[in-house]
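Asker: heads up, no residue letters with this:
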């Protein structure tokens, strides 16, 4: 069931203009019960897109991106046991070079507010990426009416589930 939903999500992502026009896409490597990204990454590579993945630096609590040329043999367990690009198999990528970031999360709301895993890695990284280039993948049950938002939370612009594409409603600054 999870695999079928992930494939439906992938098909919807592949039809998004931001995906179609992207030259470099930063994905996440699926961990635990997240939406699976493997097929989407393979498809992007077949389409001639550059595929980048996050690299975690625990000391600075930050993410960077690295381009890989293949999914086979390019990854090793990194911080928190999540697969990351091996240094010898990857090329660093600046945030300004990324046309689309595929974002993981635990829950999302219609404003684009994202509940992550609590360390702020993605929030700090996404703050350097324009809103229109931030696309979250989620199963429909992960989209809730409203999540609390902190000052450091960085929203996504689009949420793709197995049944719909949600264009996030921007959050207005509190008066």
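Answerer: Done, it's in. What you are looking at is a predicted structure, and each value in this text was computed from that prediction instead of being measured.

Asker: Please make it C-alpha for all contacts and neighbour counts, starting now.
Answerer: Fine.

Asker: In three-state terms, label residue 80 for me.
Answerer: For residue 80, the assignment made with DSSP: H, G, I helix; E, B strand; the rest coil gives helix.

Asker: gap between the closest residue to residue 145 other than its chain neighbours and residue 170?
Answerer: Spatial nearest neighbour of residue 145, excluding adjacent residues (Cα to Cα, 6 or more residues apart in numbering): residue 109 at 5.6 Å. Between residue 109 and residue 170 the computed distance is 11 Å (Cα to Cα, to the nearest Å).

Asker: next one: residue 150
Answerer: For residue 150, the distance to residue 170 - Cα to Cα - is 15 Å.

Asker: more neighbours, those two?
Answerer: With neighbours defined as other Cα atoms under 10 Å, residue 150 and residue 170 compare such that residue 170 has more, 14 against 8.

Asker: contacting residues for that one?
Answerer: Counting by Cα atoms under 8 Å, 6 or more residues apart in numbering, residue 170 makes contact with 111, 112, 157.

Asker: Show the model's pLDDT score for it.
Answerer: Here, the pLDDT recorded for residue 170 equals 70.

Asker: Run through the helices of the chain in chain order.
Answerer: Ranges of helices within the chain are 2-14, 17-20, 38-46, 121-126, based on DSSP state H.

Asker: Would you agree the residue nearest to residue 145 is in contact with residue 148?
Answerer: No - contact criterion Cα atoms under 8 Å: residue 109 and residue 148 do not qualify, at 9.4 Å.

Asker: out of those two, which sits in the busier spot?
Answerer: Applying other Cα under 10 Å to residue 109 and residue 148 shows that residue 109 carries more neighbours, namely 21 against 9.
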